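> Pasting the sequence and the predicted model now:
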Amino acid sequence: MGADSGSFRDPWGLVFCKNGHIYRSIFEPGVKDFDQARHAGIYDKLIEAGYLIDHDQVDKVDSAPEGTIYCLKHPRLPMISYPWEWCFSMLKKAALMHLEIMEMLLPKNFWLRDASAFNVQFDGSKLRLIDTLSIGLRMPDSPWVAYGQFCSHFLAPLAMAAYCDIRTLSFWRNYIDGYPLDLVTKMLPFWRKYRPGLMMHLVMHARAQIMADRKENVGKDRSLKSVKVRDRGLLGLIRSLRRTIEGITWKRYSRIWEDYGDLRNYSDKDVSEKADFVKEVIHRIKPGIVWDLGANTGEFSIIAASQGAFVVSIDSDPACTEHLYRRSQQLEGHQRILPLTMDIANPSPGLGWNSKERLSLIERGPADLTLALALIHHLVFSSCIPIMHVARWLADLSTYLLVEFVPPSDPMVRKLSENRRGEHLPYSFEMFQSTFERFFFFEDKITLQNGRLIYLCKRR
């Protein structure tokens, strides 16, 4: 039995894995709320609406955690992802989903006792709430216990991304418990933070937090005044948050990569031959999970998804991942693409408690097939990663690798090497071949008219 490294904080239950299956233990503190929600049909309604991940109640599994009262079995997710890797629309959709669930729960006297962004995952076709036990009985006349968490996990990062810079979503790596609201209000432009919704839920909220902390520091009892919130007031809060979130938009723009199709050194025939080779390889080896590294706007991710694979499409440009997320959600049969924003030269590390609470990219593998198309020369010249290190890392990611070698004579390589003023790491076909042969067998290849070579490799 292996306990999930991200669920240990919950006193109500624990997620664990046994024989490749995912289970959830429910401990004594969570039994009452679980029973009430089950008997009220809450779980069935949320699952049917597509908001909550499915579960089956099963007999207690051997070696389940001590104190287990009930045991649930969940479907296994193809990939765990984190908010600092998501595109803007994905985070916004997760936020709105929380509020839609709250509107469904409140009339039934339930609510979300937890509003963590980590409670939402992509299940292979859409976002779903994965924390069954975050649904609990509402405390009568109480403010929403997860209001502060919602604002710091969703409203604050969305406002920062839209009105400061989309790259501020990377702040999640430092603030995995949520963005500090006082920091966000200092950084937001003056004319943005005084919009009605942001003024209430960010600026005034941050001031209230500061005042509460000051009272606590001087020893005053913060519980002397208990605020009572009626049903109508709580529903009004949720709808106000929803209007505020819906009003936050980001104008996606990328100067280079979204126009890359017009700039790259490919003829129409090269593009067609490359696409056909990728399609033929995927049809041949039938991978269940594909990682597309440096995916750009995801043309090869879409090919892999159309062949039935679940695709994790990774690119460092948030405009590209935003474009692909919107496109994949609109294309019939292509929803099995999870676009993640990540610098391949600085992939997501292990974070949180003991650096294991949130897993590094490599810990979330392996994939069946990795696509590394038009990637290696960028790692060597732009990020100064030696070819040996690239080959060794790629060998840890998957069984099969589809890798493209761009020769030194290629215009893109010449441009990158000129930018380095001739001072760059060794880069040649002979070095590429001898290095990759240490970790892979070369099983197939094509040579495009522009001189670029694409190899199908299998890990030794």
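Nice, thanks for sending it over.

> Now do the residue lying closest to V184 once chain neighbours are set aside: how many residues are near it, please.
Spatial nearest neighbour of V184, excluding adjacent residues (C-beta to C-beta, 6 or more residues apart in numbering): A156 at 4.4 Å. For every residue, glycine as well, the C-beta is placed using N, CA and C. Residues within reach of A156, counting by other C-beta atoms under 10 Å, total 28.

> got it, and G247?
G247 - counted by other C-beta under 10 Å - has 12 other residues nearby.

> What separation do you get for it and S316?
Going from G247 to S316 by C-beta to C-beta, to the nearest Å gives 28 Å.

> Over to L198?
From L198 to S316 the distance is 29 Å (C-beta to C-beta).

> These two - which one has more neighbours?
Taking neighbours as other C-beta under 10 Å, L198 and S316 compare with L198 leading, 23 against 16.

> Give the burial count for the nearest residue to L52 once chain neighbours are set aside, as a bare number.
Leaving aside its sequence neighbours, L52 sits nearest to L46 (C-beta to C-beta, 6+ apart; 3.8 Å). The number of residues packed near L46 is 21, by other C-beta under 10 Å.

> does L46 count as helix, strand or coil?
Recorded secondary structure, L46: helix (DSSP: H, G, I helix; E, B strand; the rest coil).

> Verify the stated contact: it with M104.
Yes. Counting by C-beta atoms under 8 Å, L46 does reach M104; the two are 7.0 Å apart.

> Now do the buried residues in stretch 21-31.
Residues I22, Y23, R24, S25, I26, F27, G30 are the ones in stretch 21-31 that count as buried (16 or more other C-beta atoms under 10 Å).

> mind listing what the nearest residue in space to S240 that is not next to it in sequence touches?
Counting by C-beta to C-beta, 6+ apart, S240 lies nearest to G197, which is 6.4 Å off, once chain neighbours are set aside. Residues in contact with G197 (C-beta atoms under 8 Å, 6 or more residues apart in numbering) are S240, L241, R243, T244, G247.

> The helix or strand where W191 lies: what's the following helix or strand?
Element membership for W191, per DSSP states H and E: helix 190-193. Next along the chain after helix 190-193, taking DSSP H and E as the criterion, comes helix 196-198.

> can you give me how far that next one is from the chain middle?
27 Å (C-alpha atoms, centre = their mean, to the nearest Å).

> contacting residues around E437?
Counted by C-beta under 8 Å, 6+ apart, E437 has zero contacts.

> residue boundaries of the helices in the stretch 1-150 of the chain?
Ranges of helices in the stretch 1-150 of the chain, per DSSP state H, counting those that start in this stretch, are 28-39, 42-48, 88-105, 147-150.

> Quick one: residues in contact with the last one.
For helix 147-150, the external contacting residues (C-beta under 8 Å, 6+ apart) are A95, H98, D114, A115, S116, W144, G178, H205, Q209, L237, L241.

> ok, V278 touching L371?
Yes. Using C-beta under 8 Å, V278 is in contact with L371, at 7.3 Å.

> what's the overlap in contacts for these two?
Joint contacts of V278 and L371 (C-beta under 8 Å, 6+ apart) are F300, A304, L402.

> and those residues as a markdown table, adding pLDDT and neighbour count?
Formatted as a markdown table, the shared contacts of V278 and L371 follow (pLDDT from 0 to 100; neighbours: other C-beta atoms under 10 Å):
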| residue | pLDDT | neighbour count |
| --- | --- | --- |
| F300 | 96 | 23 |
| A304 | 96 | 29 |
| L402 | 98 | 25 |
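
> Mind checking which of those are in helices?
Taking DSSP state H as the definition of helices, the shared contacts of V278 and L371 contribute F300, A304.

> Could you check how far the residue nearest to S240 is from F150?
Taken as C-beta to C-beta, the span from G197 to F150 is 13 Å.

> Over to H98?
6 Å.

> Then K32?
24 Å.

> of the two, who's got more company?
F150 (25 against 12).

> element containing H205, please.
Using DSSP H and E, H205 falls in helix 205-217.

> and the next element down the chain from that helix?
helix 231-246.

> what angle sits between that next one and helix 88-105?
170 degrees (axes from the mean of the first three to the mean of the last three C-alpha atoms, to 10 degrees).

> Give me the local confidence score for G219.
In this model, G219 is scored at 57, pLDDT.

> wait, F442 sits on I454?
No. Using C-beta under 8 Å, F442 is not in contact with I454; the gap is 11.0 Å.

> Which one of those two is surrounded by more residues?
I454 (22 against 13).

> and the end-to-end length of stretch 421-428?
17 Å (C-alpha to C-alpha, to the nearest Å).

> From what I see, A94 and Q121 are in contact.
No. Taking C-beta under 8 Å as the definition, A94 is not a contact partner of Q121, at 9.2 Å.

> Mind checking which of these two has more residues around it?
When A94 and Q121 are compared for neighbours, A94 comes out ahead with 23 against 20, by other C-beta under 10 Å.

> How about residues contacting the helix holding H205?
G148, C151, L181, D182, V184, T185, R222.

> Point out where the stretch 201-350 of the chain drops to low pLDDT.
Scanning the stretch 201-350 of the chain for pLDDT under 70 picks out the ranges 216-226, 253-265, 332-334.

> rerun that using 90 as the cut-off
211-231, 251-268, 329-335 (pLDDT under 90).

> Show me how this structure divides into domains.
2-74, 83-246, 257-459 (automatic domain parsing).

> Now do stretch 288-302: distance to the chain's middle.
15 Å.

> Please export the C-alpha coordinates of it as CSV.
Output of stretch 288-302 as CSV, limited to C-alpha atoms (Å, rounded to 0.1, in the frame of the first residue of the first chain):
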residue,chain,number,x,y,z
GLY,A,288,-1.5,4.9,-24.0
ILE,A,289,0.2,8.0,-22.7
VAL,A,290,2.3,10.4,-24.8
TRP,A,291,4.3,13.4,-23.6
ASP,A,292,4.9,16.0,-26.2
LEU,A,293,7.8,18.2,-25.2
GLY,A,294,8.2,21.7,-26.7
ALA,A,295,4.8,21.1,-28.3
ASN,A,296,4.3,24.7,-29.5
THR,A,297,0.6,24.9,-30.5
GLY,A,298,0.2,21.1,-30.4
GLU,A,299,-0.2,19.9,-34.0
PHE,A,300,1.5,16.6,-33.2
SER,A,301,-0.3,16.4,-29.8
ILE,A,302,-3.5,16.5,-31.8
